[in-house]
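Asker: the following block contains a protein sequence and its predicted model.
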Amino acid sequence: MLERQGGLVELEAMYDRLMVLVATRPATKVVRTRAGEIEQAYRDFRDAVA
């Protein structure tokens, strides 16, 4: 699926566009995650929206 949409280059470009958008929205909260740390990601998400 990724390859049909432009591959890794397009994914990186999409991420860059998202970060530009996030920068224009001061109330946006970004929850950084690490691969495999699902429970921690959920806790961090809950904390961010609480």
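Answerer: That came through fine.
Asker: just give me the longest helix of this protein.
Answerer: In the chain, taking DSSP state H as the definition, the longest helix is helix 7-23.
Asker: just the buried residues of whichever helix or strand comes after that one, please?
Answerer: Going down the chain from helix 7-23, the next helix or strand is helix 38-49, by DSSP states H and E. Under the neighbour-count criterion of 16 or more other CB atoms under 10 Å, helix 38-49 has nothing buried. C-betas here are computed from N, CA, C, even on glycine.
Asker: contacts for helix 38-49?
Answerer: With contacts defined as CB atoms under 8 Å, 6 or more residues apart in numbering, helix 38-49 is touched by Lys29, Val31, Arg32, Thr33, Arg34.
Asker: distance of the last one from Thr28?
Answerer: By that I understand Arg34. 20 Å (CB to CB, to the nearest Å).
Asker: need the contacts of helix 38-49 in a markdown table with pLDDT, distance to Met19 and neighbour count, can you?
Answerer: Supplementary listing: these in a markdown table, determined by pLDDT from 0 to 100; distance: CB to CB, whole Å; neighbours: other CB atoms under 10 Å:
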| residue | pLDDT | distance to Met19 | neighbour count |
| --- | --- | --- | --- |
| Lys29 | 93 | 14 | 11 |
| Val31 | 95 | 14 | 13 |
| Arg32 | 93 | 12 | 6 |
| Thr33 | 95 | 15 | 12 |
| Arg34 | 96 | 18 | 8 |
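Asker: in JSON lines, list those along with distance to Leu2.
Answerer: Converted to JSON lines, the contacts of helix 38-49 look like this (distance: CB to CB, whole Å):
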{"residue": "Lys29", "distance to Leu2": "27"}
{"residue": "Val31", "distance to Leu2": "23"}
{"residue": "Arg32", "distance to Leu2": "22"}
{"residue": "Thr33", "distance to Leu2": "19"}
{"residue": "Arg34", "distance to Leu2": "21"}
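Asker: between those, which is closest to Met1?
Answerer: Minimum distance to Met1 across these is 20.9 Å, recorded for Thr33 (CB to CB).
Asker: contacts only, for that closest one.
Answerer: Neighbour list for Thr33: Gln40, Ala41, Asp44 [criterion: CB under 8 Å, 6+ apart].
Asker: thanks a lot, catch you later.
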